[in-house]
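Q: pasting the structure only:
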């Protein structure tokens, strides 16, 4: 690995209220998802010393508002290329406004895009969207996996995301809080289904199956404001991992995420 040739990441916003992540290499600055207003994303990037005018690509996972709200405005204002699969483009049609055709890029499911010094590997996940797909970002021997909004981690997904240097991984809800909360029964069943979201426990179990010796940073992501808390998610994950002999805080770091505040930039 060349010195100074880092893969840099910052989780700008993560949660049921909006999602956006920043990824940087020496040649490219990209974001994944734009689930907030354009103004909020601008401010979040400014908070880590970055400028949206330097971002050249936006990778969209699926059409839900907390991931796609700002896609149209960012594309029109800043001229960045936007990547999504065909089903997601169709699902976003009429919701995000017009985007110049030359900026609309097709990214097929389970394919890899080569973007200069950044390789982006897409993989589909079981979720109640048109065709949700997430991404594994590769640069200079390092990899950063983002996977949220899935009701299960299949064997195929496991094969794609094994032993990444960093994960942004879903711990959406605490099962007891969800089941005893005031959501309707049908909503509870949707969230807890194989096409819904991962609980703190399910997310931890999936993480323990895929993380490896390279893994040094794990961001706990997409936390529900109604059915989870930051401290509960962290306690659940840390306790389960420590019980399985994993070196939390020693061999790797667990990192919290937030909707309102970006994480500091991490070099992988």
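A: Great, that's in hand. Owing to the predicted nature of the structure, the values given are computational and were not obtained by experimental measurement.
Q: which regions of this structure lie under the pLDDT threshold?
A: Across the chain, the ranges flagged by pLDDT under 70 are 1-3.
Q: apply 90 and report the result again.
A: 1-4 (pLDDT under 90).
Q: ranges for the strands of it?
A: Under the criterion DSSP state E, strands of the chain are mapped to 8-13, 20-24, 29-32, 57-59, 81-84, 104-106, 112-115, 118-124, 133-139, 142-147, 166-170, 217-221, 253-256, 266-267.
Q: list the strands paired with the first one, with their directions.
A: The pairing partners recorded for strand 8-13 under DSSP bridges are strand 20-24 (antiparallel), strand 266-267 (antiparallel).
Q: quick one, that strand and strand 142-147 angle?
A: 20 degrees (axes from the mean of the first three to the mean of the last three C-alpha atoms, to 10 degrees).
Q: what lies in contact with strand 8-13?
A: Applying C-beta atoms under 8 Å, 6 or more residues apart in numbering, the contact partners of strand 8-13 are 19-25, 31, 35-36, 40-41, 44-45, 48, 50, 144, 166, 168, 219, 221, 255, 257-260, 262-268. C-beta here means a position set from N, CA and C on the backbone, and glycine is covered the same way.
Q: can you give me how far that strand is from the chain middle?
A: 9 Å (C-alpha atoms, centre = their mean, to the nearest Å).
Q: ok, back up a step: need the strands of the chain in TSV (columns: mean neighbour count).
A: Output for the strands of the chain, formatted as TSV (neighbours: other C-beta atoms under 10 Å):
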stretch	mean neighbour count
strand 8-13	24
strand 20-24	24
strand 29-32	24
strand 57-59	24
strand 81-84	22
strand 104-106	14
strand 112-115	14
strand 118-124	19
strand 133-139	24
strand 142-147	25
strand 166-170	26
strand 217-221	24
strand 253-256	16
strand 266-267	15
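Q: which parts of the lengthiest helix in the chain are buried?
A: Longest helix in the chain by number of residues (criterion: DSSP state H): helix 230-243. Using 16 or more other C-beta atoms under 10 Å as the burial criterion, the residues of helix 230-243 that qualify are 232, 233, 234, 236, 237, 238, 240, 241.
Q: equivalent analysis for stretch 153-171, please.
A: 153, 157, 160-162, 164-171.
Q: make JSON lines out of these and add distance to residue 140.
A: Below are the buried residues of stretch 153-171 laid out as JSON lines (distance: C-beta to C-beta, whole Å):
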{"residue": "153", "distance to residue 140": "26"}
{"residue": "157", "distance to residue 140": "24"}
{"residue": "160", "distance to residue 140": "19"}
{"residue": "161", "distance to residue 140": "18"}
{"residue": "162", "distance to residue 140": "18"}
{"residue": "164", "distance to residue 140": "14"}
{"residue": "165", "distance to residue 140": "10"}
{"residue": "166", "distance to residue 140": "14"}
{"residue": "167", "distance to residue 140": "18"}
{"residue": "168", "distance to residue 140": "19"}
{"residue": "169", "distance to residue 140": "22"}
{"residue": "170", "distance to residue 140": "26"}
{"residue": "171", "distance to residue 140": "29"}
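Q: so which of these comes closest to residue 60?
A: The shortest approach to residue 60 among the buried residues of stretch 153-171 belongs to residue 168, at 15.4 Å (C-beta to C-beta).
Q: surely residue 59 touches residue 22?
A: No - using C-beta atoms under 8 Å, residue 59 makes no contact with residue 22, being 11.4 Å away.
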